[in-house]
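Visitor: Predicted structure and sequence below. I'll ask about it afterward.
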Amino acid sequence: MSLDRSDIENIAHLARLAISAEQTERYAATLSNILDLVTQMDRVDTTGVEPMAHPLHMTQRLRPDQPTEPDQRALFQALAPLTEGGLYLVPKVID
């Protein structure tokens, strides 16, 4: 499929894009190439090919659920201006 200048100007208008006259020809060629590629892909015979959500049928390796850093909660709360019951107290910001 080949796009011409008026097609690109219409697409730019619908997308609310401002493109210069010099860019119009380049966009026409680039978008035409993309549409040609899609046309080629449409011609490929995919009978018997099962649709898939992801090209790799793999499961994610998970690391063991173990703490990697020491608990420094008491140290950090000792540095805070106000704490109560293990929580940080902050000033109210919304009236």
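Guide: Yep, it's here.

Visitor: and Glu22, that one's in a helix?
Guide: Yes - judged by DSSP: H, G, I helix; E, B strand; the rest coil, Glu22 forms part of a helix.

Visitor: and the gap between it and Val90?
Guide: 55 Å (C-beta to C-beta, to the nearest Å). Yep, even glycine has a C-beta here, placed from its N, CA and C like the rest.

Visitor: What of Leu3?
Guide: Distance from Leu3 to Val90, by C-beta to C-beta: 57 Å.

Visitor: Mind checking which of those two has more residues around it?
Guide: For Leu3 versus Val90, the count of surrounding residues by other C-beta atoms under 10 Å is larger for Leu3: 19 against 9.

Visitor: Break down the protein into its strands, ranges please.
Guide: Under the criterion DSSP state E, the chain carries strands at the ranges 83-84, 87-88.

Visitor: I'd like those as JSON lines, with mean neighbour count, distance to Ile94 and mean pLDDT appended.
Guide: Below are the strands of the chain laid out as JSON lines (neighbours: other C-beta atoms under 10 Å; distance: least, C-beta to C-beta, whole Å; pLDDT from 0 to 100):
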{"stretch": "strand 83-84", "mean neighbour count": "11", "distance to Ile94": "20", "mean pLDDT": "94"}
{"stretch": "strand 87-88", "mean neighbour count": "10", "distance to Ile94": "17", "mean pLDDT": "94"}
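
Visitor: and Leu35, which of these is closest to it?
Guide: Closest approach to Leu35 among the strands of the chain is made by strand 87-88 (56.3 Å; C-beta to C-beta).

Visitor: And the contacts of that closest one?
Guide: Gln77, Ala80, Leu82 (C-beta atoms under 8 Å, 6 or more residues apart in numbering).

Visitor: burial measure for the last one, as a count.
Guide: Around Leu82 there are 10 other residues, counting by other C-beta under 10 Å.

Visitor: quick one: the nearest residue to it once chain neighbours are set aside and Pro55, what's the gap?
Guide: Among residues not flanking Leu82 along the chain, Leu89 sits closest, at 3.8 Å (C-beta to C-beta, 6 or more residues apart in numbering). Separation of Leu89 from Pro55 (C-beta to C-beta): 50 Å.
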